[in-house]
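Asker: Below are the sequence and a predicted model; questions follow.
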Amino acid sequence: MDAVKTALLKAALPHVAFDGWGEASFRAAAADAGLDAEAARTACPRGALDLAVAYHKAGDDAMRAAVAATPFVGARVRERITFAVRSRIEAGDREVVRRGTVLFALPLHAAEGAGLIWGTADAIWEALGDPSDDINWYSKRAILSGVYGSVVLFWLGDDSEGAAATWDFLDRRIEDVMRIEQVKGQLRANPLTKGPVAAVESLLSRVKAPSRTPRDDLPGRWRA
């Protein structure tokens, strides 16, 4: 089924730019890939929506590969994040991404779209080797989701040469995030606020990141 979905996705992209992630593009992709309707629907029960999700996740995979191939010797955290976000955006075709943005803006698919953006933020932090396992795991992904989403929207309307305006916008958003960390550091150092801050951080430290190790004691899973 993965091979069938890959073939469908490749065949769909030329149609998506004109017809969007809809039934017309899905049927045209199936025909171009030489698949009958039943085989195509088996691989993608939700039709073009499944292909749009697969396209987004393929962009995440491309970003992971770009990060893994880059040594980052002496690079600061902000430089690594900037590189990863830019690599993720450049992994997509602008018109295809625009059509996906329209699809996931629909109320019916908004939750899935938000989940994909969160997944991209998670993939970026994971690719960069983020070691956090407490509340910071959630806050980092929440903040980066907002940064990534805003930069993508800016990029879709950017007509500057080489998308230079987008990368300037990205730098400013990362700078805003760094200011948040600076303010947190100042609050920890201030004698008037370091006590309450320490108390809140102690409480939040009890929040743990979700486990990535599959459990075998849940309903529907076989024990070894």
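Answerer: Thanks, I have the structure now.

Asker: CA only for contacts and neighbour counts going forward, please
Answerer: Fine.

Asker: Check which helices and strands the helix or strand where Arg99 lies sits against.
Answerer: Applying DSSP states H and E as the criterion places Arg99 in helix 94-105. For helix 94-105, the packing partners by 3 or more C-alpha pairs under 8 Å, 6 or more residues apart in numbering; DSSP states H and E come out as helix 2-19, helix 110-127.

Asker: So which bits of stretch 132-147 are buried?
Answerer: Judged by neighbour count using 16 or more other C-alpha atoms under 10 Å, the buried positions of stretch 132-147 are 135-138, 140-141, 144-145, 147.

Asker: Narrow these to those in helices?
Answerer: 135-138, 140-141, 144-145, 147 (DSSP state H).

Asker: Can you add distance to Glu112 and give those residues back as CSV?
Answerer: Listed next are these as CSV, based on distance: C-alpha to C-alpha, whole Å:
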residue, distance to Glu112
Ile135, 23
Asn136, 23
Trp137, 21
Tyr138, 18
Lys140, 20
Arg141, 16
Leu144, 17
Ser145, 14
Val147, 18
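
Asker: any chance of the helices and strands packed on helix 94-105 in a markdown table, with mean pLDDT, mean neighbour count and distance to Ala31 too?
Answerer: Formatted as a markdown table, those follow (pLDDT from 0 to 100; neighbours: other C-alpha atoms under 10 Å; distance: least, C-alpha to C-alpha, whole Å):
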| stretch | mean pLDDT | mean neighbour count | distance to Ala31 |
| --- | --- | --- | --- |
| helix 2-19 | 94 | 18 | 9 |
| helix 110-127 | 96 | 19 | 27 |
